[in-house]
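K.L.:
Fold the stuff below for me.
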Amino acid sequence: MKISKIKSSFFLYAFFLILSCQTCYAFEKNKSATLQIEKFFKNLVTLEANFIQVSPSGNISNGIIYLDLPGKLRIDYENPKDLLITCKGFWIVIQDRYAKTTNNIPLKSTPFAILLENKSFLDNQNIKSEYSIEAGIISLKLKSQNNEKQESLVLEFSENPFSLKKWIIQDSLGENTTVLIQNAKYNNKLSNVLFFPDTFPEPNN
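P.N.:
Here you go, the predicted structure:
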């Protein structure tokens, strides 16, 4: 009986020891991922990259994206060729170049606000962040604490070598728009003209 109790105690101790080690390992992994992401954004000034976008319905489009932090964004679609998204302040400007129409959306109402308004979003108490690490991929989910209706933004990084691979915009219905990043170039000087919307000619009367 005593031997049985000793065995039970040993296995119980071993179980909690393994659980404790796994918890410590997960904590250290998350801490390491946090430091890598903080370093990435601390050093990030500009980004120029090709992208492939997959909509919730499975439609695929592609183009070039430019970031100049803080505050500037250009998403230039090659396919379809009629869409341009720019930002250089408080507004996201969406233009249909085929129909020559322009719509302005407040930056604060979009998930891009997390990245564009302030690079130190990881220290921002108004932004909720969640980490997961699986199969060499670090996922960071960001969402406003104060606006539950705002879409969330998921950034995915490869762990080794560490680099931004894609981001996912999740809407309030749980549908995802995925943007895959390719051929990224970092911290090259970008022309300020890139971030101005197109000027459409006045229609003929």
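
K.L.:
so how many other residues sit close to T46?
P.N.:
Applying other C-beta atoms under 10 Å, we find 15 other residues in the vicinity of T46. Every residue, glycine included, has its C-beta placed from N, CA and C.

K.L.:
Wait, it touches S191, no?
P.N.:
No: judged on C-beta atoms under 8 Å, T46 makes no contact with S191 at a distance of 10.6 Å.

K.L.:
tell me what the longest strand anywhere in the chain is packed against?
P.N.:
The longest strand of the chain (DSSP state E) is strand 176-186. Counting contacts by 3 or more C-beta pairs under 8 Å, 6 or more residues apart in numbering; DSSP states H and E, strand 176-186 is packed against strand 46-54, strand 162-170.

K.L.:
can I get those in a markdown table with mean pLDDT and distance to I65?
P.N.:
Shown next, in a markdown table, are the helices and strands packed on strand 176-186 (pLDDT from 0 to 100; distance: least, C-beta to C-beta, whole Å):
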| stretch | mean pLDDT | distance to I65 |
| --- | --- | --- |
| strand 46-54 | 94 | 5 |
| strand 162-170 | 88 | 10 |
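
K.L.:
Touching stretch 174-190 from outside, list them.
P.N.:
Stretch 174-190 is contacted by residues 43-56, 65-66, 68, 72, 163-171 when judged by C-beta atoms under 8 Å, 6 or more residues apart in numbering.

K.L.:
Turn the buried ones among these into a named PyMOL selection, would you?
P.N.:
Those of the contacts of stretch 174-190 that count as buried under 16 or more other C-beta atoms under 10 Å are selected in PyMOL with:
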select buried, resi 47+48+49+51+53+54+65+66+68+72+164+166+167+168+169+170
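
K.L.:
so I37 is in which element?
P.N.:
Assigned by DSSP states H and E, I37 belongs to helix 2-43.

K.L.:
mean confidence for that helix?
P.N.:
Mean pLDDT, helix 2-43: 59.

K.L.:
Numbering from 35 from now on, please.
P.N.:
I'll keep to 35 as the first residue from here, and by that count the last item is helix 36-77.
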